[in-house]
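Student: Sharing a model that was predicted from the sequence below.
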Amino acid sequence: MGTTGAGSAGPGTAVVTGASSGIGTRYAERLAEAGRDLVLVARRAERLDEIAGRLRESAGVAVETLVADLAEPEDLARTAERVAREDVALLVNNAGINGYGYFTEVDPALLTRVLSVNVTALTVLARAAVPGMLARGRGAVVNVASRLAFAGSLPPDPLPRRAVYGGTKGYVVTFTRTLAAELADSPLRIQVLCPGLTATEFHLTTGEESVGGLAQQVHAEGGMPVDEVVTASLSALERGDVVCVPGLEDPDEALERLVAAEVGMRGIPRR
């Protein structure tokens, strides 16, 4: 399932949100290596400055930094304005927070932040990017979800307590697949990336505050190396695959079973 058009390399600027650690940083590094100019978006200015300086020197590309908290409307508006500019040919909507915990015990303000970053910001930035990409006849959007989008029937332990987080990632999967279908006849490529447990610092905080310091960390649970996750995503983007689940055996067959199950749940003949 995919469309044709601009892949992971080529002309144009890439905007990467959540670029100050983990998967976002590795996207930035790989895209810089491929010759992409970058706009890096995150809350941590010092981290962004370190990554930007390193990539300017190592890859010789232009790197802008945009310090923004995407849960804040003014910061989101500034980021959307940058994403809408005509040089942008790739948007990686990677920013996300987890807000893990029992639904009845997590601070409602934190759950609001999870919704704001994982759902609202991702949607607003995709909306800012896509019209211009269509007008220019090239572009791609990668929305980062999670395998937890498919874990709604599974209880916590060993999985995290995640009702809102899982719900937001389910939205990202459905939104992206439906948007890709809507744009199927266009030159754009649209992907949802669904990594499993990945070796990042994501589990070190629920999202109220960022992990401090310049050095990137890895949570105790470990997981798939970030380079393998990003390699899978960029390879799938080149192929035009809409759904990318790194490490999944026979993803095409799994997706066909998912589609068949959806048809069955709707109770109507498949078209």
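Tutor: Cool, got the structure.
Student: which non-adjacent residue is nearest T17?
Tutor: A95 (3.8 Å; Cβ to Cβ, 6 or more residues apart in numbering). Just so you know, the C-beta spots here come from the backbone N, C-alpha and C atoms, and that holds for glycine as well.
Student: Which secondary structure state is assigned to the one you found?
Tutor: coil (DSSP: H, G, I helix; E, B strand; the rest coil).
Student: which residues touch it?
Tutor: 17-18, 24, 41-42, 70, 117, 121-122 (Cβ atoms under 8 Å, 6 or more residues apart in numbering).
Student: What are the boundaries of the helices in the stretch 151-271 of the chain?
Tutor: With helices called from DSSP state H, counting those that start in this stretch, the stretch 151-271 of the chain shows them at 163-182, 226-239, 251-266.
Student: re earlier: which of the contacts of A95 fall in strands?
Tutor: Among the contacts of A95, DSSP state E puts 17, 41-42 in strands.
Student: how about these in JSON lines, adding pLDDT?
Tutor: Output for those, formatted as JSON lines (pLDDT from 0 to 100):
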{"residue": "T17", "pLDDT": "98"}
{"residue": "V41", "pLDDT": "98"}
{"residue": "A42", "pLDDT": "97"}
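Student: Show me what the residue most central in space within the chain bridges to in the sheet.
Tutor: Taking Cα atoms, centre = their mean as the criterion, V144 is the residue nearest the geometric centre of the chain, at 2.5 Å. Following DSSP bridges, V144 is listed with bridge partners L193.
Student: Quick check: closest non-adjacent residue to R78.
Tutor: Per Cβ to Cβ, 6+ apart, closest to R78 is A68, 6.2 Å.
Student: Pass me the low-pLDDT residue ranges in the stretch 151-271 of the chain, would you?
Tutor: Along the stretch 151-271 of the chain, segments meeting pLDDT under 70 span 201, 204, 206-209, 211-215, 217, 268-271.
Student: repeat that with 50
Tutor: Within the stretch 151-271 of the chain, no range satisfies pLDDT under 50.
Student: can you give me the helices for the stretch 1-150 of the chain?
Tutor: 22-33, 45-59, 73-83, 108-115, 122-136.
Student: Out of those helices, which is the most enclosed?
Tutor: helix 22-33 (a mean of 24; mean count of other Cβ atoms under 10 Å).
Student: So which elements touch that one?
Tutor: Judged by 3 or more Cβ pairs under 8 Å, 6 or more residues apart in numbering; DSSP states H and E, helix 22-33 is in contact with strand 13-17, strand 37-42, helix 45-59, strand 88-93, helix 226-239.
Student: Thank you, goodbye.
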